[in-house]
Structure formats: C-alpha cells, structure tokens
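Asks: pasted the sequence and its predicted model underneath.
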4 protein chains.
Amino acid sequence: MGMVGGSTDAFIGAVHRRAAIMDGEIELVCGAFSSSPEKSAATGAALYLPPDRVYANYEEMIQKEKELPEGERMDFVAIVTPNHVHFPPAKLALENGFHVVCDKPLTHTTEDAEALVKIVEESGLIFCLTHNYTGYPMVKEARELIKAGALGSIRKVIVEYPQGWLSTLVEATGNKQASWRTDPERSGAAGGLGDIGTHAENLAEYITGLKITEVCADLTIFVEGRLLDDDANVLLHFDNGAKGILQNSQICNGEENDLNIRIYGELGGLEWNQMEPNTLIHKVQGSPARLLRTGVGALSEAAQAHTRIPAGHPEGYFEAFANLYRNFALAVRARWEGKDQDPLYDFPDVYDGLRGMKFIDTVIASDKSDEKWTKFIV
Amino acid sequence: MGMVGGSTDAFIGAVHRRAAIMDGEIELVCGAFSSSPEKSAATGAALYLPPDRVYANYEEMIQKEKELPEGERMDFVAIVTPNHVHFPPAKLALENGFHVVCDKPLTHTTEDAEALVKIVEESGLIFCLTHNYTGYPMVKEARELIKAGALGSIRKVIVEYPQGWLSTLVEATGNKQASWRTDPERSGAAGGLGDIGTHAENLAEYITGLKITEVCADLTIFVEGRLLDDDANVLLHFDNGAKGILQNSQICNGEENDLNIRIYGELGGLEWNQMEPNTLIHKVQGSPARLLRTGVGALSEAAQAHTRIPAGHPEGYFEAFANLYRNFALAVRARWEGKDQDPLYDFPDVYDGLRGMKFIDTVIASDKSDEKWTKFIV
Amino acid sequence: MGMVGGSTDAFIGAVHRRAAIMDGEIELVCGAFSSSPEKSAATGAALYLPPDRVYANYEEMIQKEKELPEGERMDFVAIVTPNHVHFPPAKLALENGFHVVCDKPLTHTTEDAEALVKIVEESGLIFCLTHNYTGYPMVKEARELIKAGALGSIRKVIVEYPQGWLSTLVEATGNKQASWRTDPERSGAAGGLGDIGTHAENLAEYITGLKITEVCADLTIFVEGRLLDDDANVLLHFDNGAKGILQNSQICNGEENDLNIRIYGELGGLEWNQMEPNTLIHKVQGSPARLLRTGVGALSEAAQAHTRIPAGHPEGYFEAFANLYRNFALAVRARWEGKDQDPLYDFPDVYDGLRGMKFIDTVIASDKSDEKWTKFIV
Amino acid sequence: MGMVGGSTDAFIGAVHRRAAIMDGEIELVCGAFSSSPEKSAATGAALYLPPDRVYANYEEMIQKEKELPEGERMDFVAIVTPNHVHFPPAKLALENGFHVVCDKPLTHTTEDAEALVKIVEESGLIFCLTHNYTGYPMVKEARELIKAGALGSIRKVIVEYPQGWLSTLVEATGNKQASWRTDPERSGAAGGLGDIGTHAENLAEYITGLKITEVCADLTIFVEGRLLDDDANVLLHFDNGAKGILQNSQICNGEENDLNIRIYGELGGLEWNQMEPNTLIHKVQGSPARLLRTGVGALSEAAQAHTRIPAGHPEGYFEAFANLYRNFALAVRARWEGKDQDPLYDFPDVYDGLRGMKFIDTVIASDKSDEKWTKFIV
C-alpha cells in the first residue's frame, strides 16, 4: 500500500494505516503524505519507511513505484486527503494500473465523480470507497436480517448522524480538521452533509437494500461566519414506498459521533447505534425485544465473517474500518489468483461514491427549492 | 369530580380516576360513564358510587348535580370520552358553572375548538387539557433550564412519538381503543397525528418556550384498510429560527410509547425519554454529560414541586398525570379562596388545546400541498 | 383503613396512603398519625378527615373505632411508624379484631416478632408486611419464569441494595428519616441491614423460591459517629446448593435506591433493577438476551394481574406498593365473602416478617463470628 | 517480536499479534507457534513469515534468533501459550537477553512465579504481563481521579467478572479454549479464578491504588465433571480499611465478558464496565452523575495518552491491549536510548504477576478454611 495524504497531524490517515495493517494482509510500503515535502519525509520517517519510498507528491509516487519490479512496488494506493484531492490521485493511480482505496466523499464535484466512474470501469481495477460504517458486524447482521425477510416490507427508516464539535466557529481557531471541512474550496458544495450526511445515506441504503427516490431538505448554517451547512433535516421517500427521515448535524452540542439508524417493517424493527456498535436491537410488536450481540449465537455468515474475537470483547471503529481493507485485500488477492470476488467480503465501491455525490447535489437542490419533493436520480 | 366517559372497559378513564385521587385532593362523587346506561350503572357500582350519583348521560349529570347544594355537588367535570364527545359536555358543563378537565385533543373540529375557547373565556371558569406528559418533573426541569439560559439560544429540536400497536389492522379485530382512534367520525381529521402527534407538538413548545411557525409534512397510512394517518414525518421551523423534526407513528413495530425529545442550543443539549422519565440528560460539548435525576440535588423549584418521593423510587405515568389534577385542584381552591393561581403549579389550558387543533389542520394541509412550507398560524 | 403514624412530615406514611387509595378499593377513614396529638390533628385535617376520627394515639383509635358500628368503623389498621412502634399497635389491633398492614421490618426485636406470629395465628386475621418491592409486575414475572423452569436449577444469586444518602453523618443534621433509622432505640439491632438488607433478602427468596441456609457476613460502620451498620457484604448459601452474594449499603455515594438482582441457573439468567422496574432481562448463553417489558406480549398471569396500563406508560414505586394494598383488600373482601384468598394476588405476611428479623440476627451473629459460615434457621 | 504459541486455531495469539502491530512500533519477525512443528510452519506461512524464521519450538527460536545480528534478530519474545508453558520460555528468553511479554497468569505455580521474579530482576530486562484491561483509557482516568482525591478515602469496592461460556461441560465437546482452561495440568490450581478472577483483582488494585489484605472466599464447581472452579464469591479487606466484594464466574448464563467495577469513597463513586469501555460514570451524592467519555473534555494526561481517535469512535479490546504493547515498546526504546521509562506509559509487570499467583493461592486456601478471614501476603 502506498498512501496519499495522512501526515502525522492528520486524523484519518492514521485510521487508514491502523485499519490497513490490522489483519496482517497489508503493509504500508510507501507514501506521499503531504503537499509539503518536509512533512511527507517526516511522516515517512515516523512510520519507519525507507526514505526512498517517501515521495514529495503523489505524481512522483505513482511514477516511481510503477517503475519498481512487481512484488516490490506498491499494490494499491490509499487516498486520505481532503475532498478536493481525491480525484486527481485516484485518476492517476488507476491510469497507471494501481487499485485504489479512497476516502469519502468520492470527489470534490459530481463531474469528477462521473469521470472517475468511467475511469474505474475502463481500468478494470478495484476501487474501494471507505464508507467505513458498513464494516461493522451488526450492520452486516441488520442487512442480512432484512434480506431474509425478518422485517417484512420496510415502512419507515430514521437515520441520524449528530455531532457537536462544530457548535462554535472552530474553523476560526486554526483547527485543521474543521478548516478544510468548512471550506468550499476543499470540501465541495456541502459541509456536514458531505462529511457525515453521506455516511447516513449510504448506511440506510446499505442496510435496507432500498433506494432513496425523493428528498425534501432543510439545510442550515447555524454558526455565524461558517461557509457551509452544519445541519440538515431531510424527509425521504424510498423506492418501495417506505418513508424516512435523515438528519445530520455538527451543532448538536454534546453529541460525539452518534450515527444511528432505526428501521421499521411490517413484521418488526431494528435499531443500531455506532457508539455501541456491538448491539443490534430487534423489535417485534407484542414480543420482547432481542439484543443481538456481536459474537453471540447464530448470527449471519456475514456478521461472523467480520468479527475477530469472542463476544464481550468490544470491537470498535478501527476494526470496522479494517474490515473494508481486509475485504479489499481479499478482492485484490482473488484478482491475482484469477478468482471471483466473494460477495461475503463486500466493500463500498465507486458507484456508492457517485450516489453519495448525487445525494449531496439533490439535497442542496431541494433545500433551495420551494417544491416539496426533489427527485433523487443517479 | 364528576366523570363523563370512562366505563370499566375504557383505558383513559381509569387513568384519570387514579390521577385525580392520588394526592387526596379530589374525590370522584358522580359520573355518566357510558352512552349505555347499563354500563354506566355497572361502572358506578364498581367504583362504589351511590346509585343516585350515577347518571344515564352527561346532560342528566350536569343538570342534577347543579340542583344539589354547594359542598355536596361535584366541583368540576372530567371528560374522558372519545374526541367527538369532548365539546358537547365541556360546553354544557361550563355553561352550568362547572370547571372542566378534558382529555386531548380538545375537540373533534377546529370550529368547535374556537367556540370552546370563547365559552371558557366567557365563563371565567378553569379549564385543564390533559397534555399529561408536561406533568413529569424532568420535563419541568428541562423547561426551567432552558428558561434560565442553560442552552443559550435553541437551534434544533427533535421530538418523536413512536408506537407500534397499530402495525396491523387492529381496528378490524374489535379492539375498542383502536376502533375509535382510527375512525374519522369519532377521532376527527387525524389519526396518530391527533392522538400522539399533538402531545409531541405540545411537549416541544412547552419545554422550549418556542412556537412552531412553519411545517413541512409527510403523512402516511401504512396499514391497508386504515382510514386515518398512522405515520407522520414533519420538518419544523420555530419562531426564533430554530429548526426541528417531529415524527410520530403507530406502525413502529416493537415500540411501546416512546415519546422523547432532544433539544440543542448554542451552549448545550437536553434529552428526555418518557419511558425513563426520571432521567434528563444535559450535554455540553467538550464536557461530561450530566444525568439529572428526579429528586437528586439542586433541581428547579418547578421540578421539586412535582415530585412526591425521594430519588430512586420511580414515579411514572400516573404520577405525572396526577400532577395535572393536583395543580388543577390547587387552582380551583385558589379560586375559592379568592387567590391567584400559582404559576408554579401550571397545567395545559384551552389555548394549548386550540393550538393542537390548528397544528393538526396545518400538518394535514401541508401534507396535501406541493409547497414546501405551510405557515402555522393560530 | 385507620393509620398509625404517618404525620405530614414522615416519608412512608404518605406512600402508604397513596398506595392504599390508588385502586379505589380502600379509603382512609381515621388515624393516629403522631405521638404528638397536635401533629396528629393537623395531619388529619390536611387529609380532610373529620376531627372525631383523628385520634391522639393508637390505643384510643383502636378502642373508639371498635365501638363504632360495623360498616362505619375502620376495617384494618396500617402501621407506618418507626420500627420500635410496630409491635404494640399491631398486637392491640389484632387483639381487637382488626386486620393489619405493617411496614417492615416486622418488629424491634426477634422476641416481639415471634410473639406477633403467635398473635396473628391465634387471631386468624389477615396480616400484610409491606415488602413492597415484590409488588412489581416484573418481579412477579421473574418468579413465574423460575417456577416454570426457565432457568433450570438456580446456581447463583446476586442481590444488591446500594444507597448513598447516609454517606455523611446526616443524622447529626436533624434529618428525621436518618435519625430514627440510625438509632438503636428506634431502629433495632441493625441499621441499613434492617432497613434495606431485609428487602434484598426477601426479594431474593421471593423470586427464586429458594431459602438461604447459611451466611458469612461483613458489616461495617463507615461514617464516624454512626451507631448502626451502614454497609453489609454477605456471602449466601441456599437450600438447593446455589451460592450467592447480598450487599446493601447506605454509603454508596451517588446511588439512589438501586435494589437489583441477578439470578443464574443451568439454562439462563434474569436481571432486574428497581430503578427501571418495567424491564426484566432474560439471558441465555449463546442466544440474544430478551427484554421482557411490563405489558408487552405473553407475560405470566401474575405479571398481568399487577399491571394497570398498556406498555410504555411507566408504572413505578407507588403502583408496586399499591399492588400489596390491592391484594390485601382482595383478601379482606374474600374473607368477608367466605372465599379463599386467590394465590394470584399474594402479599408478604407475618412469616416473611419473622424471617427478616431472624435474617438480621443471623447476619449480625455472623459478622461477630470468626467462623466462616453461620446457619440461618427460622 | 518473536512469538511463542498462538497458532492459527488459538484465541489469544491473534489478539497479541493485532495488539502488537497496531501502532506501527512492533513487527512480528519470527515465531514458534505450536508444539506441533507442522502447525507452527503453517501458522508462519499464513502470517507471511519467511520459513527460516518459523521454528519448531521456542528453544530453537531463542537460540537461533540470538545468533542473528542485532537489528535483524527479534527484540523480544511474546508468550501466548497455556499457563503451564509460560515459565519455561520466559526463563529461557530472559536468560538469553530477550525482553518478554507474557500472558497471564504469570506461571503455572507460585514457585515458578517466585523464580521468575528473581530471573527478571537478575536479567535487568523488561517484562510485561498482559493484564490488558488496565490498558483502557477510562481505567487510566479512574485511577487518576482517585489519585487526585476525587473520591476521598475509598470505602467500598465491588469488582465482578461474570462470563457464561462454561455454563455446560464445554470442555467435553473438544473446545480447545475450554479444555486447557479447565485442566489442572495446564491451567494450574485454579480455573476461572486464575483465568479471570486475577484480572478482577488486578483491576481493583490498579484503579484504587489499594492492596487487598484479607479474603474470605467461596469457590464452587457448578458443572458436573469439571475439575476446576467455575465460580468464585470473595469478600475483601483492603489496607486502608475499605471493604469489598470480588466475584467471578464462568457459569453466569448469558453473560459475555462483563468485567466491571464500582468504587465508592467518602466523596463520590466511580463505575466502569469493560463491555462499554469508553464510559466512566462519576457519581456524587446529591449531584447529577457525570458521564466521562473517552476523548471528551479535560481528561487526565494518562487517559489521553492511551486514546487514538476523537470521541465517539469506539476504541475497544484490541486497542486497550495494544496500549500495553505500545507502552512496552516505548520502554524498550527508552532502554535503547539510555532513558528512563516514562511512568505515563505504564504496563503490568512481573510483580503484578506474582501478586496474581499469590492471590490464587490465598483464595483457594480461604475457600478450604473454616476461618472467616485469610491473610493475603505477597
């Protein structure tokens, strides 16, 4: 693995590194960790990389690595930069024959996203978008329960992603994480909606297997001086007639990172909270709720395939993230071995990424419209 | 207290009776418990009432009681019938000089509600609408914290009232509670929206002190054969610029009676759940959340005035309901004694009831409109 | 009902009154509320009792009421005084033909308790000891599940009753509740052990149907200047070979009134917490835990018989307490009607009370002993 | 790092490997993974180790690695075998100049433990015992709060470690984890007491800074046919006069891995549960409890030094375990650099291990004794 971005003062780069190496299938061999060659070199040194595998920029990395003999050169590129630097390295990597893991949202603009879909398709290479929350075992279990009909037809979906860390104008204090996320130049047309709302959209569609078809959105910038949305309330219509609510926020004072979802169908309901990820509550009217727990009892093959340790030993954020990297690595290995990718070891791809970008556009369009409903078409 | 409705097979009548007598301030002295004189008589007997104080109908009750000497006759009427039988007995009672406690929603139609407001005003009598959830001590505490500025300016309000008991066509099985609630003739223009959505609206406005000014609504009838809404998703705008979501449902499979609210302001957040009513969570970004508990520590005078017992001895639904009756009784007593009503011992009134009726109309109008926002004007 | 004790500044008297009247089966008709005739009179007035039914002391009450015609006089006596004033009025009431409801622990000394058992037996009257926590519907459910074999043979029982309110020398501050509870003259040989430890003992035996046969106890007075135990850690042996732990404390800083129990058998486990009394967790190794909830689904007849309202409307401390009074009233009525008492509507009796007194003695003896195990024999 | 034990069908070996590599400071370079050379070779291959660094047994590994040039040979040995194979490889490694990380309990017998202490002392090398639960950030926070006096003098400690996985005779079904743990030849004199009870003892002493001085124990074998204790109830006395309870069990049907601790002092209380490890509840009588959360607000330097990611991204079992390895690696690096070990980055050592072995002996002796109290002397 070669990494683009992720210098030592970044947040998500270290997450990707820990996730990548967790299962012993992936090794970091090179990187262009920063737009500053000095920072990149320092990061490489801190990671015990040989100096000649630490590059000044991603262009150099991709070119030099390509020149190395197979088996020695990196097998894929992990892109962990701010949103506006997703597309260029992804494009270059794919055009030079490298598989790609990319942080979300997919790109800075929808045009780039559509271009990237074509590039991936033409390259035939493997592309993983890190909608990491789908890597949790209990998310897999929820999806399998619904597939198996445990809820019957879905009627209502409530997905929420409240955070509180941007309750004040943090970006004015020099906080690096806040600065780029609230800057249209680096983040794109959306603030919180792109940063966390797309996770919520992806999670809802992933678990239910449904597609959102219409939205009615109310975006707000609550903190004076901020340039992008820090709160979103969205009504949803799904393709089977289900109704829903998506809300995300960065001004929910005191909330940490509380992605959660509740799904109700004709026969039962499910509830999952990212902050207690190893519990999935299964409800049925007139019966005791059942607390499904990671590692306990007869869970789906999918849940089991994404669990490392017996019940009661909490697996968390890094482990869920690592499940994407592990599955990506298995896909790459399958490719090497001429095998098909095993659907049990799934991960989000470039189409999920395009869908997220279009979701951003649709919600923003809805917010600006006086019409109640805006179609969500990809 | 004389009761209209509430025969032994009803649900809410027994609640009102237990609530009324809990604090030793109110005694049931007579009733017209059913449109069936036999049922009324049987209920009266089961309640140990003398047969001559059990009436065939409310008209008879009001007339006969009026003829009794003061001190012997009932002091007020409690109306616990289905929605379409709220207005007539309320009107008659007020016109004959009796104070009134009435279940919500106020009336069957908004016209009746407006008429009732006038009748109450002209009568100068005391009217209590049993939006009982405002009787919980931790609801009082939340309101006082907000009044005192603990959250700063409110930004976001999420109020939910999910139930699951109407996940199937229960009204077709002879269930009395389901039958009238889903019947436009008895329930009014709204189903779940009127039954529980108005509680949510009332709670949000009561705690925050804000007024909803616009709504964007999506109502659904999910269960085939049902005549009224069993699910509502509503975006809210408040008069201070706050945004919100109100959702209520009777098809949330496995949910019991989970009224809950989350409120976020510039300085902090609050969370309260009716099913664990003695806990109020106070959140502040970057600080540990505080678990405020009924009876623990320096709570507001309002919270303390609605608590009967030391901490850790759970008070619940009946006690909160009883707080309304106790406060109503104090208001009646103050009237007798020529004193002002103490604002510490508050209860919802006919204006809350009118507001609820208009909320129903507004949400229904919004649901039918293609415009995104519909003004909420009372 | 005539009440002994329970003046307006007491805690448990008001609880008994609310519990007694909740279901409309019992009416307070007279009382001797305080050793101070003035306080008694004031309490009677506050309760709207006619002055001639408010007595200066319990002797007078019992004598005068006995002289009233049947149907007019009180049907039973409720004793809500400090522990040292349980036995005398109970004895007098029984000897004069009145049924008795008595707060726990039964008496001030075990000698009195044994005497009282004989008096009850000789009188043939009905005696209820208010171990109120057994009145919760989910406690009934737990007992029925175990009776029905859901756990198989019980192996381990952990029962706890932590409070924190005596973490400091509250009794030195004039707190009335603290003063008598920590005073050997009024409380008896035990402090917290008698006040709350006996509830824990009673609950464990009630739910499991087992009897404690041996204890190994470690009592402590943590707060300097206190005269009676404020903390107890006790190992238990049960008659079927099960092992257990009972701990109660009044110095668990920050705990409110957290009586809780966990029971493990060959086939499963149960967990119940008094502070969230409407949930009973049923655990089975290798299966999802089931959240049994008051009012939800196919609960035992016993649980249903002690529930007043549909699921999700929390019933609490008063309602559980009221279940004892309601059941006692049904027993009295059955007696009047010449019927047998229905075992479905059970309540603790004088034998439970004697057992509690002997438990206190046994734990104190064990605490003083160097032997590991002390037999618990009643 | 070279590993002894931990073939692919083991549980704890994979945990150690993930923990070791998580922070990029440690690399697995060699191993003797099984007493079966074939299994060892297969495990090495699965881990992408070069075949010449995969050894048939630990003797060979230590000898061969020692012959490699510095910088190329392993820096330390990680021992993850069943208890009876802790001492021999630890001894050999230390005697050959390798630092050691060893799973707990320290050894098979107390004699070995005492011998090992001497060997460590004589070697001057670094020894880490993986009492991994002390690696959680909120455990560090609890310890720091107590050190800082937030609870005042400690009065009561309740530490529990219930599991349910040995509720039946699992060891008779060929379950490898169950087999060695319940076999005196491989596990030692204790079953659950050694496996999990020592974690509880270590945690209680680590957080409180107190030492247990006396115990009163009740051990049981509940499952017929089992050879070692599967349940322990123990009363504790601490060196400052505090009292306590320790209970561990493997027959608590339905429990997963629920290590938890409650500590009460003069000024407040703390509660922590391993299964929700990122929350620490701080209680104070008469005040709202505070929910301390990993990553939120002004936590101790110690808590912050063991956290990798912002609040709300749950870190779990692997991350806590990795904190021990990271701290061990820092200690080794400090040694290389001639620096002192930074006390902020602490980890359990051979003295904790000896204490655990003596605790096992003391509890077993107490269980067999008729005396109430047995001294715990190390």
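Replies: Arrived safely.
Asks: what are the ranges of the helices in chain A?
Replies: Listed in chain order, the helices of chain A (DSSP state H) span A:12-21, A:37-46, A:58-67, A:87-95, A:110-123, A:137-147, A:176-181, A:184-187, A:192, A:198-208, A:301-304, A:317-336, A:350-368.
Asks: averaged pLDDT, the fifth one. What do you get?
Replies: This means helix A:110-123. Helix A:110-123 comes out with an average pLDDT of 98.
Asks: domain ranges for chain A?
Replies: Residue ranges for the domains of chain A, per automatic domain parsing: A:2-129, A:136-309+A:353-367.
Asks: out of those, nearest to chain D?
Replies: Chain D sits nearest to domain A:136-309+A:353-367 of all those, at 2.7 Å, using C-beta to the nearest C-beta. Bear in mind the C-beta positions are built from the backbone N, C-alpha and C, glycine included.
Asks: ends of that closest one, how far apart?
Replies: Distances were taken as C-alpha to C-alpha, to the nearest Å; on that basis the terminal residues of domain A:136-309+A:353-367 are 32 Å apart.
Asks: ditto for stretch A:47-66
Replies: 22 Å.
Asks: what sits up against it?
Replies: The contact list for stretch A:47-66, computed with C-beta atoms under 8 Å, 6 or more residues apart in numbering or on different chains, reads A:2, A:4, A:17, A:28-33, A:35, A:37, A:40-41, A:43-45, A:73-74, A:77, A:88-89, A:92-93, A:96-98, D:24.
Asks: ok, of these, which come out buried?
Replies: Neighbour-count burial (16 or more other C-beta atoms under 10 Å in any protein chain shown) applied to the contacts of stretch A:47-66 gives A:2, A:4, A:17, A:28-33, A:40-41, A:43-44, A:73-74, A:77, A:88-89, A:92-93, A:98, D:24.
Asks: deepest of the helices of chain A, which one?
Replies: Among these, judged by mean count of other C-beta atoms under 10 Å in any protein chain shown, the one packed with the most neighbours on average is helix A:192 (a mean of 28).
Asks: output the set of residues of the stretch 151-300 of chain A in proximity to chain D.
Replies: Taking C-beta under 8 Å from any C-beta of the partner chain as the contact definition, the stretch 151-300 of chain A meets chain D at A:163, A:165, A:255-258, A:274-277, A:293, A:295-296.
Asks: which residues does A:Phe238 bridge with?
Replies: A:Ile212 (DSSP bridges).
Asks: tell me which of the helices of chain A sits nearest to A:Cys216.
Replies: Ranking the helices of chain A by proximity to A:Cys216 (C-beta to C-beta) places helix A:350-368 first, at 5.9 Å.
Asks: quick one: mean pLDDT over the closest one.
Replies: 98.
Asks: what angle sits between that helix and helix A:87-95?
Replies: Going by axes from the mean of the first three to the mean of the last three C-alpha atoms, to 10 degrees, helix A:350-368 is angled at 160 degrees with respect to helix A:87-95.
Asks: what helices and strands are in contact with helix A:350-368?
Replies: Secondary-structure packing of helix A:350-368 (3 or more C-beta pairs under 8 Å, 6 or more residues apart in numbering or on different chains; DSSP states H and E): helix A:110-123, strand A:127-129, helix A:198-208, strand A:212-220, strand A:231-238, strand A:374-375.
Asks: how about A:Asp352, nearest residue that isn't a chain neighbour?
Replies: Spatially, and ignoring its direct neighbours in sequence, A:Asp352 is nearest to A:Leu129 (5.5 Å; C-beta to C-beta, 6 or more residues apart in numbering or on different chains).
Asks: need the contact list for the one you found.
Replies: Residues counted as contacts of A:Leu129 (C-beta under 8 Å, 6+ apart) are A:Cys102, A:Asp103, A:Lys104, A:Leu106, A:Phe347, A:Pro348, A:Asp349, A:Val350, A:Asp352, A:Gly353, A:Gly356.
Asks: how about TSV for those, with distance to C:Pro69 added?
Replies: Formatted as TSV, the entries for these read as follows, by distance: C-beta to C-beta, whole Å:
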residue	distance to C:Pro69
A:Cys102	91
A:Asp103	87
A:Lys104	84
A:Leu106	89
A:Phe347	85
A:Pro348	83
A:Asp349	88
A:Val350	91
A:Asp352	84
A:Gly353	88
A:Gly356	83
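Asks: can you say which of the helices and strands packed on helix A:350-368 is nearest to D:Val284?
Replies: Taking C-beta to C-beta as the measure, the helices and strands packed on helix A:350-368 were each checked against D:Val284, and strand A:231-238 came out nearest at 34.3 Å.
Asks: could you check the angle helix A:350-368 makes with that closest one?
Replies: Counting by the same axes, to 10 degrees, strand A:231-238 lies at 110 degrees to helix A:350-368.
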